[in-house]
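Student: Give the three-dimensional model of this entry:
(one chain, ligands or ions: 1)
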Amino acid sequence: MLRVVVCVSGGGTNLQAIIDGIAQGAVCNTEIVRVVSNNPGAFALERAKRAGIEAVCVSPKDYRDRELFEEALFACVEEATPDLIVLAGFMVKVPGKMVKRYENRIINIHPALIPAFSGTGYYGLKVHEAALKRGVKITGATVHFVNDGMDEGPIIMQKAVKVYDGDTPETLQKRVMEEAEWVLLPWCINLIAAGQIKVENGRVTVSE
Ligand code: GAR
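Tutor: Predicted coordinates for the structure are as follows:
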């Protein structure tokens with residue numbers, strides 16, 4: 001069984017896609033052992049509880065400084081002894097210590113085709129606002145391993161989504177989630193659980 005900790009900050013629709021994928025058998029040999037949020041108001045915490053998964057909040061507001069918060073976050077993840085950490089709409093930069101400890105064992109879903117609309121400042125709706133402003137005709141989502149950079153780790157999988165005239169950041173976000181994110185993230189977790197993903201020289205290969 002692949003022990004997964006899912007880190008969240010908001011609505012948790014990607015978390016839900018993983019929960020559903022496991023329940024429906026599309027994601028095999030995988031157990032979500034803990035959901036961790038930095039935001040006490042995240043609906044994702046509620047989704048976890050409804051699915052019978054332990055849900056924990058580690059809020060920066062409860063700590064004197066960033067270092068103490070990062071220490072608490074690290075300890076909370078570590079305690080669950082994960083094989084894989086999934087960032088599913090987690091709006092916190094992963095502490096360096098965690099990146100080092102879980103090298104090639106942390107994955108993130110980003111709502112654009114990296115390297116487009118990625119890096120510092122590109123998260124959530126802002127990504128789709130930027131895509132519409134630039135006038136791209138195709139956008140999408142990317143699942144990648146997390147390294148010390150921002151959205152810079154090895155890319156595991158990408159899926160393209162069309163942009164339509166008249167799209168708003170909200171309609172585009174919805175389409176990218178439905179057509180790409182909720183498909184890609186469970187799919188990648190299943191491949192990792194099956195041992196089909198390898199990272200060599202910063203590049204990912206997927207075996208049959
Ligand atoms: C998703 O669109 C995810 O790709 C994005 O936040 C949203 C979270 O939604 N993540 C980032 O922007 C990370 N840079 P959710 O809470 O409903 O899964």
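Student: closest point of the protein to the ligand, which residue?
Tutor: Nearest residue of the chain to the ligand (Cβ to the nearest ligand atom) works out as Gly89 at 2.5 Å. In short, each C-beta sits where N, CA and C put it, glycine included.
Student: Any residues of this structure in contact with the ligand? List them.
Tutor: Residues of the chain found near the ligand (Cβ under 6 Å from any ligand atom) are 8, 10-14, 44, 88-89, 109-111, 123-124, 127, 177, 181.
Student: any idea whether Ala160 is helix, strand or coil?
Tutor: Three-state call for Ala160 (DSSP: H, G, I helix; E, B strand; the rest coil): strand.
Student: That one against Leu113, yeah?
Tutor: Yes: using Cβ atoms under 8 Å, Ala160 is in contact with Leu113, at 6.6 Å.
Student: which neighbours do these two share?
Tutor: Ile138, Thr139, Gly140 (Cβ atoms under 8 Å, 6 or more residues apart in numbering).
Student: Separate out the buried members of these.
Tutor: Thr139, Gly140 (16 or more other Cβ atoms under 10 Å).
Student: follow-up on the earlier one: when Ala160 and Leu113 are compared, which one has more neighbours?
Tutor: Using other Cβ atoms under 10 Å as the criterion, Ala160 and Leu113 rank with Leu113 on top: 22 against 13.
Student: just to revisit the earlier point, in strands, which of the shared contacts of Ala160 and Leu113 fall?
Tutor: Mapping the shared contacts of Ala160 and Leu113 onto strands (DSSP state E) picks out Ile138, Thr139, Gly140.
Student: so which of these would you say is closest to Val27?
Tutor: Gly140 (20.9 Å; Cβ to Cβ).
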